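Visitor: coords please:
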Amino acid sequence: MLEYLKIARPDHWLKNIFILFGHVVAVVLLPGLWQGTTTLAWAAFSLVPACLIASANYILNEILDAPFDRLHPTKKHRGVAAGLVKVPVLWAFKCALIAAGFGLSLAFFNPGYTLSLAMLLASGVIYNIPPVRMKDRAWWDVIAESFNNPIRLWLGWFALAPWPGTWPPLTIVLAWWCFGGLLMTGKRYAEFRFIGGQEKSGLYRKSLGTYTERSLIIAMITYANLFCFGAGLAIASYPPLHNLVLVFPIIVMAIIAYFRHAMSEIGARLEPEQLLRNPWIIVWTILSAAATLALLMTQRDLVPWAI
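Guide: Sure, this is the predicted structure:
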């Protein structure tokens with residue numbers, strides 16, 4: 001049973017913390033949403049269906065990636081690749097997670113949240129299943145995987161915001177998407193260096209066989225700049241966000257720490273999931289999040305500017 005739970009990757013549920021950003025944006029830009037502890041409890045509960053669907057996607061990923069995982073230095077020890085689990089049981093587990101996730105969504109949340117949840121499930125299908133299988137297409141793999149960031153933003157927004165009639169600003173969605181692009185390109189860069197160059201990486205995943213260290217670094221810089229551009233537009237366009245200009249120096253320090261660690265010799269010996277565990281990256285990220293939350297919450301009673 002433990003092997004089946006490992007494949008569902010509950011340790012990766014932490015990624016759904018990005019949903020909280022959608023909660024905060026909704027509370028800041030829409031009046032009357034903040035109801036104290038009630039809002040906090042509802043926001044926390046909205047993470048549950050998302051975690052269940054994310055686990056269903058991880059199961060699909062591991063089943064379909066097993067032949068390639070056997071070529072990876074460490075992923076060859078995963079449950080399916082190593083033959084430690086029964087695939088039919090995994091399919092049943094996946095179906096149960098999907099049923100539970102959408103059952104909770106339909107029972108407790110509005111159609112906007114359920115639509116976003118369906119998009120999260122669909123992203124796993126598009127990313128993993130042939131003939132589309134975005135994860136094998138260079139550059140599109142990053143775009144597709146990082147699209148989970150806007151989806152999580154919508155999940156957080158519609159967990160609290162009324163449906164229909166309200167959507168988070170497009171500038172914030174695009175900035176959040178580009179931030180995900182930075183993280184996912186960094187993940188590819190770490191994979192590329194960890195496996196050991198273009199030829200070996202290409203055997204594990206087709207898209208990695210197309211990349212070079214230079215092209216991935218340029219892509220990381222591009223996504224970082226697009227994130228700052230989109231965030232700057234959002235800050236300039238919506239009065240409740242004006243104070244966030246004060247957070248940019250901290251965000252820049254977090255990005256510098258990320259680049260420095262990813263390009264170090266230590267970073268080359270780390271798996272992608274380990275890359276973000278660097279103490280300085282964690283410190284600057286926490287400071288950025290804390291400063292952003294503090295400044296946003298001081299503005300939540302202003303008249304919103306919504307699209």
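Visitor: Give me the distance between residue 279 and residue 193.
Guide: 20 Å (C-beta to C-beta, to the nearest Å). (C-beta placed from N, C-alpha, C; glycine too.)
Visitor: okay, the two: which has more neighbours?
Guide: residue 193 (21 against 9; other C-beta atoms under 10 Å).
Visitor: From what I see, that one and residue 213 are in contact.
Guide: Yes. With contact defined as C-beta atoms under 8 Å, residue 193 and residue 213 form a contacting pair (7.1 Å).
Visitor: Common neighbours of the two, please.
Guide: Counting by C-beta atoms under 8 Å, 6 or more residues apart in numbering, no residue touches both residue 193 and residue 213.
Visitor: Test my guess that residue 192 contacts residue 210.
Guide: No. The criterion here is C-beta under 8 Å, and residue 192 misses it with residue 210 at 10.3 Å.
Visitor: Counting neighbours, go ahead and name the busier of the two.
Guide: residue 192 (26 against 16).
Visitor: Using CSV, write out every CA atom in stretch 115-129.
Guide: C-alpha atoms of stretch 115-129 as CSV (Å, rounded to 0.1, in the frame of the first residue of the first chain):
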residue,chain,number,x,y,z
LEU,A,115,-14.2,24.0,-14.5
SER,A,116,-10.8,24.9,-13.2
LEU,A,117,-10.5,21.5,-11.6
ALA,A,118,-11.4,19.9,-14.9
MET,A,119,-8.7,22.0,-16.5
LEU,A,120,-6.2,20.6,-14.0
LEU,A,121,-7.2,17.1,-14.9
ALA,A,122,-7.1,17.8,-18.6
SER,A,123,-3.6,19.3,-18.3
GLY,A,124,-2.3,15.9,-17.1
VAL,A,125,-3.9,14.2,-20.1
ILE,A,126,-2.5,16.7,-22.6
TYR,A,127,0.9,16.6,-20.9
ASN,A,128,1.3,12.8,-20.7
ILE,A,129,-0.9,11.0,-23.3
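Visitor: For the closest residue to residue 108 other than its chain neighbours, report the pLDDT, please.
Guide: Distances taken as C-beta to C-beta, 6 or more residues apart in numbering place residue 45 nearest to residue 108, at 7.3 Å, with adjacent residues excluded. In this model, residue 45 is scored at 96, pLDDT.
Visitor: do residue 258 as well
Guide: 84.
Visitor: Quantify the burial of it by counting its neighbouring residues.
Guide: 23.
Visitor: Burial check on the residue nearest to residue 108, number of neighbours?
Guide: 13.
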